[in-house]
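J.: When you get a sec, could you give me coordinates for this:
(chains A and B)
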There are 2 protein chains.
Amino acid sequence: MKRNEPNFDRVFNALGDATRRAMLERLSSGPVSSAMSVSWLAEPFKITLAAVVQHLQVLEDAGLVTTEKVGRVRSCRVDSGGLDAAVQWLRARRPEWNRRLDRLGEMLVEEDRE
Amino acid sequence: MKRNEPNFDRVFNALGDATRRAMLERLSSGPVSSAMSVSWLAEPFKITLAAVVQHLQVLEDAGLVTTEKVGRVRSCRVDSGGLDAAVQWLRARRPEWNRRLDRLGEMLVEEDRE
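T.: Model prediction:
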């Protein structure tokens, strides 16, 4: 699914469920950018594989996870696009926070110049 | 309402509604830390004042807004606690992002030492 701009209703509602957040936690605990099989993802959850796949679909529709099917195995990984969109939105609502990050950004530019 | 740890279900579900996000946007557009009256907040929304108050309650229960009643006027402001909690949660799920912020944090410590 391609999106031009994030659907924040989908992003935040996907995050508003403890099981889906735990799935994102499990996916983000591995090495950066590595893909995991759906059965590995499902392991610690006391719900059916069908329920896991349904939650995964909600996360994928929100741009928080990407899945790929290679042969008979579906693998999934955290999609940083959805996470970044949510963080950007929250940052823009937090004026002080934003200014602090701007200051950090300026310091980075300074460092690059040196 | 005092909370020991953020209720992420509440935080993210509160954010999963376009009207509530627009209310947060309106509240964060003013000067930092300033409180606004509920009737000022309600102005651009084509919903009843009762509906605005109901959305405000959801935002307050999630720790995203604080309200205070002085005399007959209830004022409200963005509560950065809820926003920060959401950002912290998202950051921890985004390994690369997190490492970059760690690096910025180290630079700040370096700067303080100088």
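J.: How about A:C76, nearest residue that isn't a chain neighbour?
T.: A:T67 (4.4 Å; Cβ to Cβ, 6 or more residues apart in numbering or on different chains). Where C-beta positions appear, they are placed from N, C-alpha and C, glycine not excepted.
J.: The one you found: which element?
T.: Per DSSP states H and E, A:T67 falls inside strand A:65-70.
J.: helices and strands around that strand, which ones?
T.: In this structure, strand A:65-70 makes packing contacts with helix A:18-28, helix A:49-61, strand A:73-78, judged by 3 or more Cβ pairs under 8 Å, 6 or more residues apart in numbering or on different chains; DSSP states H and E.
J.: Is it possible to get CSV of these that adds distance to B:N13, mean pLDDT and mean neighbour count?
T.: Formatted as CSV, these follow (distance: least, Cβ to Cβ, whole Å; pLDDT from 0 to 100; neighbours: other Cβ atoms under 10 Å in any protein chain shown):
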stretch, distance to B:N13, mean pLDDT, mean neighbour count
helix A:18-28, 11, 92, 17
helix A:49-61, 13, 96, 16
strand A:73-78, 21, 89, 18
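J.: And those: which comes nearest B:G63?
T.: Among the helices and strands packed on strand A:65-70, helix A:18-28 comes nearest to B:G63, with 16.6 Å by Cβ to Cβ.
J.: the inter-axis angle of the closest one versus strand A:73-78?
T.: Per axes from the mean of the first three to the mean of the last three Cα atoms, to 10 degrees, the angle that helix A:18-28 makes with strand A:73-78 is 90 degrees.
J.: And the contacts of helix A:18-28?
T.: Identification of contacts with helix A:18-28 by Cβ atoms under 8 Å, 6 or more residues apart in numbering or on different chains yields A:14-15, A:36, A:41, A:44-45, A:47, A:52, A:55-56, A:58-59, A:64-65, A:76-78, B:8-9, B:89, B:92-95.
J.: now the angle between strand A:73-78 and the strand holding A:T67, please.
T.: Using the same axes, to 10 degrees: strand A:65-70 against strand A:73-78 is 160 degrees.
J.: So which bits of strand A:65-70 are buried?
T.: Applying a neighbour-count criterion of 16 or more other Cβ atoms under 10 Å in any protein chain shown, one finds A:65-67 buried in strand A:65-70.
J.: Tell me the one among those nearest to A:R113.
T.: Lowest distance from A:R113 to the buried residues of strand A:65-70 (Cβ to Cβ) belongs to A:T66, with 36.4 Å.
J.: Below-threshold pLDDT in chain A: ranges please.
T.: A:1-4, A:30-34, A:95-109, A:112, A:114 (pLDDT under 70).
J.: ok, the strand holding A:T67: who's next to it in the sheet?
T.: Take DSSP bridges as the rule and strand A:65-70 pairs in its sheet with strand A:73-78 (antiparallel).
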